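1. Dropping the sequence and predicted coords here.
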Amino acid sequence: MWTVSSVFSRVLLCGALAAAVVTSVEAQGRLSGPATIKVDEIPWPSATAGGAGTSGASGIETVVLKGDPTKPGLYVLALRAAPNMTIQAHSHKDDRVATVLKGTWYFGYGQKFDEKALEALPVGSSYTEPPNTPHFARTRDQVVLEIVGYGPSSTTYVDPADDPANATKK
């Protein structure tokens, strides 16, 4: 027999479980099912150096919005880059497309960072990162990108000395 207090208890339990699930999803930064998120509502991590599928450079914050870039399948990343960053030439093994959501992203292709090869990409611009194609970037202001790829992803620097992961090994 259902009573008012047992129904109320079940409603509270369901509400607590739903809140836990929402908190878990927000903490992971992942969207599942039908979902929307505004660029100014992305749950950025406190302080990280990149993440899977990024350059790994200090000053890069990454939130996985969908999927998992370390596993096979579609993934979507939100990437926030600090002002006045230079990201040396590197590539990823997967095919990717990026869109500038905030700021101006200065981006170029090549084996070595080349200021003259940078193209200013304002909000709304898109570019491709074909598999194993070296590219580099610079920021002047804070930039937010959305990167869509098909994992697993990896990052390989043209010059291993430029790889931020090697900086901690010195």
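-> Looks like it came in fine. Numbering: from 1, shown residues only.
2. Give me the next element, helix or strand, following the lowest-mean-pLDDT helix or strand in the chain.
-> Least confident helix or strand of the chain, by mean pLDDT, DSSP states H and E, is helix 4-28 with a mean of 38. Counting by DSSP states H and E, the next helix or strand C-terminal to helix 4-28 is strand 60-66.
3. Who are the packing partners of that following strand?
-> Secondary-structure packing of strand 60-66 (3 or more CB pairs under 8 Å, 6 or more residues apart in numbering; DSSP states H and E): strand 73-81. In short, each C-beta sits where N, CA and C put it, glycine included.
4. and whichever helix or strand comes after the strand it packs on, which strands flank it?
-> Using DSSP H and E, the helix or strand that follows strand 73-81 in sequence is strand 86-91. In the sheet, strand 86-91 lines up against strand 135-139 (antiparallel), strand 156-157 (antiparallel) (DSSP bridges).
5. buried ones in the first one?
-> By neighbour count, with 16 or more other CB atoms under 10 Å as the criterion, the buried positions of strand 135-139 are His135, Phe136, Ala137, Arg138, Thr139.
6. what's the following helix or strand after that strand?
-> As assigned by DSSP H and E, the chain's next helix or strand after strand 135-139 is strand 143-151.
7. which secondary structure elements does that next one contact?
-> In terms of contacts (3+ CB pairs under 8 Å, 6+ apart), strand 143-151 is packed against strand 73-81, strand 96-102.
8. Report the buried residues of the first one.
-> Residues of strand 73-81 classed as buried by neighbour count (16+ other CB under 10 Å): Tyr75, Val76, Leu77, Ala78, Leu79, Arg80, Ala81.
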